[in-house]
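Novice: Dropping the sequence and predicted coords here.
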Amino acid sequence: MFVLTPTVILALLLVAGATFVTARRIQMRVGIPWSHDIRADAEGALPQVPLMVDEALQLVGKPDYVIRRGVFLIPVEVKPLRRAKRPHNSDIFQLMAYCLLIEQTYGQQPPYGLLRYANHTFRIDYDDDMADTVREIVGQMHDLHDAPDVARNHNSVTRCRSCGFWRQCDQSLFNEEE
């Protein structure tokens, strides 16, 4: 028979306190705000983020995390290796596309999304104007996808090196002999 003595109770409280402090430190390091309802696009104990689809825009995706802040669902995109003082436009619009998908899927517009880099978490506001901009960009992407020839839009060897098409691309900045 197990008896809860004051010593056992104190030991349990110390373990619970240490566990809470450790969890809080991890949460602060990762940069994702506390939420009682969180879904993750990662394997593990958290429920999966469902794949969201906007048929009209032909847009499909899911953020790394979706957290509940009050009545709102907030997408969180994590770029753990990226370090920057300002978020990259491509990351902003990826996050804003997730806001649009949440709005289309759940019928409620998130007020913002969170973009987590290795050294900073950016809060990116989302509103009707941003939603219109995302729709416009998605439309342009569809137009370019169907175009016979699309020009490279950057001068980054690193981006070329990480692209799956650099061997076939006549505009590649990455040379295989390097």
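Specialist: Received it, and whenever you're ready, just let me know what you need.
Novice: So in the protein, where's the weakest helix or strand by average pLDDT?
Specialist: Least confident helix or strand, the chain: strand 38-40 with a mean of 59, by mean pLDDT, DSSP states H and E.
Novice: centre of the chain versus the next helix or strand along the chain from it, how much separation?
Specialist: With elements assigned by DSSP states H and E, the helix or strand that comes after strand 38-40 is strand 52-54. Relative to its chain's centre, strand 52-54 lies at 16 Å (Cα atoms, centre = their mean, to the nearest Å).
Novice: what packs against strand 52-54?
Specialist: Where contact means 3 or more Cβ pairs under 8 Å, 6 or more residues apart in numbering; DSSP states H and E, strand 52-54 is packed against strand 59-61, helix 89-106. The way it works is simple: take the backbone N, C-alpha and C, and place the C-beta from them, glycine included.
Novice: Pull the number of nearby residues for the residue lying closest to Gln104 once chain neighbours are set aside.
Specialist: Leaving out its chain neighbours, the residue that sits closest to Gln104 by Cβ to Cβ, 6 or more residues apart in numbering is Asp54, at 4.6 Å. Neighbour count of Asp54, defined by other Cβ atoms under 10 Å: 17.
Novice: Let me see the mean pLDDT of the host helix or strand of Val76.
Specialist: Per DSSP H and E: Val76 is located in strand 72-79. Here strand 72-79 scores 92 as its mean pLDDT.
Novice: List the pairing partners of it within its sheet, with orientation.
Specialist: With DSSP bridges as the test, strand 72-79 is paired with strand 65-69 (antiparallel), strand 112-117 (parallel).
Novice: what phi and what psi does the backbone show at the nearest residue to Val138 once chain neighbours are set aside?
Specialist: Leaving aside its sequence neighbours, Val138 sits nearest to Leu57 (Cβ to Cβ, 6+ apart; 5.2 Å). The phi and psi torsions at Leu57 (degrees, to the nearest 10) take the values phi -90, psi -10.
Novice: Next one, pLDDT for Leu57 please.
Specialist: Looking at Leu57, its pLDDT is 91.
Novice: isn't it right up against Ile137?
Specialist: No - taking Cβ atoms under 8 Å as the definition, Leu57 is not a contact partner of Ile137, at 10.3 Å.
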